[in-house]
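Colleague: Give the three-dimensional model of this entry:
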Amino acid sequence: MPNPFRRLVLSNLAAQLSEQLALAAAPLLAVLTLGAGAAETGWLQAAQTLPFLILALPAGLLADRHSRLGLMIGAEALRALSLLGILLLAMNGRLELAALAALGFLGAAGTVAQGVAAPALLPRLVPREALARANRGLELGRSLAFAAGPALGGSLIGWVGAGPAYGVAIGLSLLSAGLLIGLAEPGRIPAASRHPIGELREGIAFVLGHALLRPILATAILFNTAWFILQAGYVVHAVGNLGLSATGVGITLGLYGAGMVAGALAAPRLSASWSLGALITVGPSAAALAALLMLGTAALPSPVLAGVALFLFGAGPVLWTIHTTTLRQAVTPAALLGRVSATVMTATFGARPLGAAAGALLAARYGVEACLLASACGFLAQLAVILASPAARLRALPA
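Modeller: Coordinates of the predicted model:
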């Protein structure tokens, strides 16, 4: 792979580690230091994911009209600034839940810009036939971050407090930006000046009108909604019902990342023997099974069962991400990549605050067990959607 791609992979790894460490630290800080319950952690999750709903489309427009590398560097600087704010408030004993949510929102805005620009830039750095391999490289970095970030965040907060956890996250964001500085971005033909609304509508219409991308989008929306209903109550469920400490919560969340690593490492072997449709459907299938196992912990409070469920949540869906991203890049015109990525992010990641808010309401009214049940229903629905779609029957990438 070319050197710019290798630097992009390392930058992505550092950015993902920073994000996962901070995302793991925030609910633990809220529960253990600020005394938050399930409803409060659900609203915190909603605030930290709201930028995906309201900022992804503007970020996609910027990615198609301006430097994608510049957008990614600015995103990491913004994330570092938000983490520094949390660190300073925590060190001075002035951190409150509202400030934690507001600064989490700011950091997530940087994550949105990074998430839109990177997949739009990737096809400019590697040839079409290497896209699947390149996406596996990026997903392996993300998987390693999901494996190490939550465990590291939980351990640091459990052992020495929030300061070191956020300090490490700040350093990783700055490292991510530094790795991108100086890279030469391949040139693009300047787009004709058009009204921003028209450009955004073009990206949305392409996704909704495409026979393969439309059911993939619907499946991802259901997946993310169900996942964040589960996330809204998981920390409280793990501490209150499963008897886990901060370190134990971090370890179980780290098993999710370990599953992602296992899935990413298995991807080349599976790609050689499985059809593209099978690789796409294995993720929703694994997620549905994992959701039923997690629901079982309401009746049988077993940290081991929860850990197995989280491992499956990582192992199957990472194969989905690799191959649906490759499919999207292969069927989308180059000039639309930023807006199409943004459309997908808005709909799928935008489902996260809705899921988190629904989880908060369910937890407040009926308890965390209601979150587990609603989440399982959502994961079964996403499996039904993808199994009924033409994407499940693909043998290989379409021409």
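Colleague: any idea which residue sits dead centre in this structure?
Modeller: The centroid of the chain falls nearest to F349 when counting by C-alpha atoms, centre = their mean (7.5 Å).
Colleague: Quick check: closest non-adjacent residue to it.
Modeller: F52 (3.2 Å; C-beta to C-beta, 6 or more residues apart in numbering). No exception for glycine: its C-beta is placed from N, CA and C like everyone else's.
Colleague: thinking that neighbour is in contact with G355, fair?
Modeller: No - using C-beta atoms under 8 Å, F52 is not in contact with G355; the gap is 11.3 Å.
Colleague: the more surrounded of those two?
Modeller: Remark: of F52 and G355, G355 carries more neighbours, 30 against 25, as counted by other C-beta atoms under 10 Å.
Colleague: close enough to count as contact, that one and F228?
Modeller: Yes - here G355 reaches F228: they are 3.2 Å apart, a contact under C-beta under 8 Å.
Colleague: the bottom helix or strand of the protein by mean pLDDT?
Modeller: One helix or strand of the chain scores below all others by mean pLDDT, DSSP states H and E: helix 131-160, with a mean of 73.
Colleague: what's the next secondary structure element after that one?
Modeller: helix 162-180 (DSSP states H and E).
Colleague: tell me how far that following helix is from the chain's mean position?
Modeller: 18 Å (C-alpha atoms, centre = their mean, to the nearest Å).
Colleague: can you check stretch 49-57 too?
Modeller: 12 Å.
Colleague: Only alpha carbons, please: show it as CSV.
Modeller: Extracted in CSV, the C-alpha atoms of stretch 49-57 (Å, rounded to 0.1, in the frame of the first residue of the first chain):
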residue,chain,number,x,y,z
THR,A,49,-24.1,11.3,19.4
LEU,A,50,-26.4,14.2,18.4
PRO,A,51,-23.7,15.7,16.1
PHE,A,52,-24.0,12.6,13.9
LEU,A,53,-27.6,13.6,13.2
ILE,A,54,-27.3,17.3,12.6
LEU,A,55,-23.7,17.8,11.4
ALA,A,56,-22.9,14.9,9.1
LEU,A,57,-24.6,16.4,6.0
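Colleague: in it, what counts as buried?
Modeller: Residues of stretch 49-57 classed as buried under the neighbour-count rule (16 or more other C-beta atoms under 10 Å) are T49, L50, P51, F52, L53, L55, A56, L57.
Colleague: list the helices and strands the host helix or strand of the third one packs on?
Modeller: Meaning P51. Using DSSP H and E, P51 maps to helix 38-54. Secondary-structure packing of helix 38-54 (3 or more C-beta pairs under 8 Å, 6 or more residues apart in numbering; DSSP states H and E): helix 3-32, helix 97-125, helix 213-240, helix 337-349, helix 351-366.
Colleague: among the ones you listed, which is nearest L88?
Modeller: L88 lies closest, by C-beta to C-beta, to one member of the helices and strands packed on helix 38-54: helix 97-125, at 10.0 Å.
Colleague: Would you mind getting the angle between that closest one and helix 351-366?
Modeller: 150 degrees (axes from the mean of the first three to the mean of the last three C-alpha atoms, to 10 degrees).
Colleague: confidence score at the residue lying closest to A39 once chain neighbours are set aside?
Modeller: Take A39 and drop its neighbours on the chain: the residue closest to it by C-beta to C-beta, 6+ apart is A364, 3.9 Å away. Model confidence at A364, given as pLDDT, is 83.
Colleague: tally of neighbours for A364?
Modeller: A364: 17 neighbours (other C-beta under 10 Å).
Colleague: what's the answer for I197, then?
Modeller: Other residues close to I197 by other C-beta under 10 Å number 9.
Colleague: OK, contacts around it?
Modeller: Neighbouring residues of I197 by C-beta atoms under 8 Å, 6 or more residues apart in numbering: there are none.
Colleague: element containing it, please.
Modeller: Counting by DSSP H and E, I197 is found in helix 196-209.
Colleague: Report the angle between that helix and helix 337-349.
Modeller: 70 degrees.
Colleague: State the distance from the residue nearest to F349 to G42.
Modeller: 16 Å (C-beta to C-beta, to the nearest Å).
Colleague: repeat for A364
Modeller: 8 Å.
Colleague: what sits up against stretch 295-312?
Modeller: With C-beta under 8 Å, 6+ apart as the criterion, stretch 295-312 contacts 237-238, 241-244, 248, 251-253, 255-256, 258-259, 262, 286-287, 289-291, 293-294, 369, 372-373, 375-376.
Colleague: Show me which of the residues you listed are buried.
Modeller: 237-238, 241-242, 244, 248, 251-253, 255-256, 258-259, 262, 286-287, 289-291, 293-294, 369, 372, 375-376.
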